[in-house]
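[1] Provide a 3D model corresponding to the input given below.
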Amino acid sequence: MAEVIIVPRSAEGGNLVASEIARRIRATPDLVLGLATGSTPLPVYEALRPALAEVDVSGVRGFALDEYVGLDPAHPQSYRSVIAREVVEPLGLDPARIRVPDGRLDGIAHAGEVYEAAIMDAGGIALQILGIGTDGHIGFNEPGSSFASRTRVKTLTEQTRADNARFFASPDEVPMHCITQGLGTILEAGQLVLLAFGRSKAAALAAAVEGPVSASVPGSAIQLHPHVTVVVDEDAAAELTRADYYRYAYANKPTWQGL
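    Numbers count the residues shown, from 1 in each chain. As a prediction, this is how the structure comes out:
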């Protein structure tokens, strides 16, 4: 069972996860992070700024979960641009040590294999930050994705494109395809930290954490991982049937276990 931590607001969740990441970097200066994009992880990245103020981050390495296919890397909504703007520059990370899947059409047929090799060469991802879509996707692994899948090109669902349209001038500008780490890739990370904030994520979160393990809910793959921490606010926890137990378990958690 995943550990579920319910916090009053997203800011508290961001502080909690940021403190753990900072602790891990102090212990392992070349820590390899898996970086999610979108609005969900922003509280973590914002809290990391003060948390890392006196921490040497020059050796930290990072791998983004996904990228749009065919979108100019310089476009403000390409995940290369988002990671640079929201993570690399504010935290003072070395841009050369932060990788994003290559979504350019030239070479896209082999871009997944190249990315998988880069993750392997780095020794694997130690801590993977995840969000969850309203349809239960993690990364851009849409419903029906194989639990054994690796980094590859996927077609985005209409729901995902509609959800992401708020970042673009019009829904038609949202790319049709993406390149994403696979569920099999994600499950190889040392630790998964899944974030969910807001009432719109409640149904998907409950299905992922408490429902059956099913390719129809890609987020349910986290149930197969030995070290998962799920951090959610009260709104996202609204449909969890075991919420009282999660609160009780966290209140009585041994301090030495960490996040």
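[2] Compute the first-to-last residue distance for stretch 99-108.
    15 Å (Cα to Cα, to the nearest Å).
[3] Identify the residues contacting that stretch?
    With contact meaning Cβ atoms under 8 Å, 6 or more residues apart in numbering, stretch 99-108 is reached by 61-64, 66-71, 73, 78-80, 83, 111-112, 114-115, 118, 151, 153, 178-181. No exception for glycine: its C-beta is placed from N, CA and C like everyone else's.
[4] Name the helix or strand of this protein that has the lowest mean pLDDT.
    Of all helical and strand segments in the chain, the minimum by mean pLDDT, DSSP states H and E falls on helix 158-164, at a mean of 89.
[5] For the stretch 101-250 of the chain, which segments count as strands?
    127-130, 152-155, 177-180, 191-196, 228-233 (DSSP state E, counting those that start in this stretch).
[6] what inclination does the fourth one have with respect to strand 228-233?
    Using axes from the mean of the first three to the mean of the last three Cα atoms, to 10 degrees, one finds that strand 191-196 and strand 228-233 are set 20 degrees apart in direction.
[7] follow-up on the earlier one: okay if I get the strands of the stretch 101-250 of the chain as a markdown table plus mean pLDDT?
    Below are the strands of the stretch 101-250 of the chain laid out as a markdown table (pLDDT from 0 to 100):
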| stretch | mean pLDDT |
| --- | --- |
| strand 127-130 | 98 |
| strand 152-155 | 96 |
| strand 177-180 | 97 |
| strand 191-196 | 98 |
| strand 228-233 | 98 |
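[8] that older thread, buried subset of the contacts of stretch 99-108?
    For the contacts of stretch 99-108, a burial check counting by 16 or more other Cβ atoms under 10 Å picks out 61-64, 66-69, 71, 78-80, 83, 111-112, 115, 151, 153, 178-181.
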